[in-house]
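Novice: give me a model of this one.
(one chain, ligands or ions: 1)
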Amino acid sequence: MEGARDQRVGETANAHKVIKIAIASKEDLEDYNGEKHTKLSVRPGAQTTYPGSNSHFHPKSNPFSRDKLYTEARFAVTTRAMSDAEEEEHSKLYGRANMTMRPDVIDSSGKPLKVIGVQNTVGRPRSDALNKKISAFPREFVRVLGIFFNQQDIKHISNDRTTLLTDEQKRNGMQLGVWRIKQGGKFTAIYRHRAGAEEIFGPVFKFGVATSPAQKQKIAAIFKWDSVSGFETQDDTEDFTEHLRVIREFRITSTMTVGQYVNTPWHIAYLPISMEQMHLQHYESFSMRCRRCARAFYEYKEMHASYSDTPIEYRQYPTRFWKRVGSKAHEASQPFHEDYFWIKNTTRNDTHNPARISRVRAEDVGNRSLLPQDVPGGHQNWEVELFDISKTDNTRAHNKAELRYKAHSNHLYEYAKNASIVQGRPNTRAKVALYDTGFKLRRVSAYSNVCMDCAADMDRLGLTRCRVWYRW
Ligand SMILES: [Zn+2]
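Specialist: Residues are numbered from 1 along each chain as shown. Model prediction:
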């Protein structure tokens, strides 16, 4: 990227280039030059967050967006035409106006519709797409190669001074894989295989014929970022003929599946900058993958939330990640709901059993010091469980009995194909570090299709516009 100033010149002459500019106003630019970086504002769809930072895809050309990888998550109202008698009855009770005024309440013959139910379709992974090689999707494969040839370091999304991966590490990682090796008692990531190293991410693609540096330079010019990222045309139907010819000529192939690719840092770092204003959009139902990064959520059968008996200072605990005592150095911190951390209530009853709603014994009213041993249902009929902080790396002195949370079942558990992933998100601030294994991706809220990582990134760029993130 050239300086932001140069890009601004093109703003009026070339309207589509406006979207390239992350800096919204003259004042922002002055702030940038004056290094008041926190004042920068970023537009949804911007190519970069700061001059010289990561280049992102145009939302339309997002390779392997979740819409391509899973079925539509849709909430719908089901209707049928009213019978004459029903129409008459409805008209008597409510008048005729509300039966005919809106086009979506009448059928094609003009008959008013009656709501007979709701249909909630959960968005499920398309295994046919996820298990295929990325090269089986030529358009997407071209864009993946665009990431490889885009000569740029991967920086923190909201801080242009922190380089997380250099361009060289990215290229080696994409071509030779990412590995972990023990050096001086510490595990370090390396970007080519060495004896005794453990593979974290496999190679994304390889050249089938030997390519000289001069040839590689020519190929890089063909896979120029602007032409493959969508910012030049903003058109998903652009012509990739030349790119496909190069792929054939140099026999560029891939053994990585789409399901594996979406978990890599190469994918995450180049996602579009989007605006996330709602947890669920209109008529959007629950989806098993994140709306932005298309990674699969990990769903727990049982989850825990704070309630009135949870001490105020511990009410944010459900949003945190926790390191198990004695876990390996590169093992990811675990979500709060992990079974390992819980002392289960021995007097549990079936959550759906109406017999649970029984009277509390008079002598137990107001007794909040213990889990009720023979009071079915616990506090306000919630199951109550204890979080065992001694099983975490948290060294603060806690009174175990205080860490009480209500337990509830997760309606999405039955749809989940739970698997932990490698934390591929390039970030220095997250508790789960880059390349940590055993990472379990969480929704930002129980009622959202956006993951915690995407929400955190968009929040830092000022693109969430709602203050209800980070609740669960
Ligand atoms: Zn996400």
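Novice: so for stretch 451-468, mean pLDDT?
Specialist: For stretch 451-468, the mean per-residue pLDDT is 76.
Novice: let me see the contact set for residue 327.
Specialist: residue 393 (CB atoms under 8 Å, 6 or more residues apart in numbering). Bear in mind the C-beta positions are built from the backbone N, C-alpha and C, glycine included.
Novice: and for residue 449?
Specialist: Contacts of residue 449 by CB under 8 Å, 6+ apart are 73, 123, 279-280, 284, 286-287, 289-291, 443.
Novice: is it true that it lies in a helix?
Specialist: No - counting by DSSP: H, G, I helix; E, B strand; the rest coil, residue 449 is located in no helix; its state is coil.
Novice: still on that earlier bit, scan the contacts of residue 449 and report the most crowded one.
Specialist: residue 287 (29 neighbours; other CB atoms under 10 Å).
Novice: tell me, which of the contacts of residue 449 make contact with the ion?
Specialist: Restricting the contacts of residue 449 to those near the ion by CB under 5 Å from the ion leaves residue 290.
Novice: pipe the contacts of residue 449 into a markdown table and attach pLDDT per row.
Specialist: As requested, the contacts of residue 449 are exported to a markdown table (pLDDT from 0 to 100):
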| residue | pLDDT |
| --- | --- |
| 73 | 88 |
| 123 | 88 |
| 279 | 79 |
| 280 | 83 |
| 284 | 88 |
| 286 | 92 |
| 287 | 91 |
| 289 | 90 |
| 290 | 91 |
| 291 | 87 |
| 443 | 90 |
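Novice: closest to residue 238 among the contacts of residue 449?
Specialist: residue 291 (24.3 Å; CB to CB).
Novice: before we move on, the earlier item: and of the contacts of residue 449, the nearest to residue 205?
Specialist: Using CB to CB, those come closest to residue 205 at residue 289, 23.3 Å.
Novice: from what I can see that closest one touches residue 70, true?
Specialist: Yes - the pair residue 289 and residue 70 qualifies as a contact (CB atoms under 8 Å) at a distance of 5.3 Å.
Novice: what sits in contact with each of the two?
Specialist: Joint contacts of residue 289 and residue 70 (CB under 8 Å, 6+ apart) are 123, 125.
Novice: next, count neighbours for the closest residue to the ion within the stretch 301-450 of the chain.
Specialist: The stretch 301-450 of the chain approaches the ion most closely through residue 450 (6.2 Å), counting by CB to the ion. Residues near residue 450, counting by other CB under 10 Å, number 24.
Novice: who in the stretch 151-300 of the chain is up against the ion?
Specialist: 290, 292-293.
Novice: so, low pLDDT: which residues of the stretch 151-300 of the chain?
Specialist: Along the stretch 151-300 of the chain, the parts satisfying pLDDT under 70 run over 160, 234-237.
Novice: can you pull out the helices in it?
Specialist: 167-176, 213-222, 225-229, 241-249, 258-261, 265-269 (DSSP state H, counting those that start in this stretch).
Novice: for the residue in the stretch 1-150 of the chain that the ion sits nearest to, give its distance to residue 125.
Specialist: Of all residues in the stretch 1-150 of the chain, the one sitting closest to the ion is residue 66 (8.8 Å; CB to the ion). Separation of residue 66 from residue 125 (CB to CB, to the nearest Å): 9 Å.
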